[in-house]
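Chemist: Attaching a predicted model along with its sequence, questions to come.
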Amino acid sequence: MGKVAYFALGTAGAGGLGAGGVTLYNKLGQAEESKATSIVTLKDKYSQAILNASDTGIWDKKYEALKTASPSNSKLRDAVNKAKLSNPDKNGALELLKSGCEEVYLVQADDASGLSDFKSLCSKTNENVTSSTGSFITDQVSGNSDKWDKSLTSLKDHTGELDDVLKKLKEGIQSSQSTFPQDKKTELKNWCDAARASIFEGSNSVKFKNQETFCKSST
């Protein structure tokens, strides 16, 4: 991960605050002095997506994700190894997963490797936090179902705020009536798939609200 920096969890034996700024730690646990007056961590930037001890169902899903993951954080790598055993140690893997995520939360928000670990194993996604109203549309765009047509009709007539991708899609369907070309259905489906897997940034975020409106069906 290069010089991935972690905040000290305490000052005892950790150095605390250095003379020139905040003491951070790289992936080897080596102290590094930062002149920055304000460090934005993943926990700061994505506060709505942090997993808590009570998020048992989501942690179980992240445990399953370990089996195909290739994280950078050392504790998460150890968790992967336990999850991939012929006789998996689920409790041990979950303990390492949670501990590794606590470290990931303290990585600087602009660190690519830390963000990758955060997205794949340590954060709530929009799908995780979706409301119980309706269910995600899983129909194929080439099938006989009209669910994607209904969603595109809703998008065509929508007057509220839209994600940039959906804005462009809306502009391209204004000449359509109640049915839409397969390529437009595919565009919406692809957007929904990406939105579901995106980091949750709050129930008022445009992407989350658009997901709830255009990616789900009540039937």
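Modeler: Noted; the coordinates are in hand. Numbering: from 1, shown residues only.

Chemist: How many neighbouring residues does K216 have?
Modeler: 17 (other C-beta atoms under 10 Å). For glycine as for every other residue, the C-beta is placed from the backbone atoms N, C-alpha and C.

Chemist: Please tell me how far it sits from T138.
Modeler: Shown here: K216 relative to T138, a distance of 10 Å by C-beta to C-beta, to the nearest Å.

Chemist: quick one: average pLDDT of stretch 131-150?
Modeler: Average pLDDT, stretch 131-150: 90.

Chemist: got it, and stretch 194-202?
Modeler: 98.

Chemist: now the end-to-end length of that stretch.
Modeler: 16 Å (C-alpha to C-alpha, to the nearest Å).

Chemist: Stretch 191-209 too?
Modeler: 13 Å.

Chemist: Could you report the pLDDT at K61?
Modeler: 97.

Chemist: And the closest residue in space to P88 that isn't next to it in sequence, which helix or strand is it part of?
Modeler: Nearest non-adjacent residue to P88, counting by C-beta to C-beta, 6 or more residues apart in numbering: K82, 6.7 Å away. K82 is part of helix 74-83, with elements assigned from DSSP states H and E.

Chemist: which sections of this protein are below the confidence cut-off?
Modeler: 1-37 (pLDDT under 70).

Chemist: how about a cut-off of 80?
Modeler: Along the chain, the model assigns pLDDT under 80 to residues 1-37, 143-145, 176-178, 219.

Chemist: residue ranges of the helices in it, please?
Modeler: 42-45, 56-66, 74-83, 90-104, 112-117, 147-157, 164-171, 182-197, 206-214 (DSSP state H).
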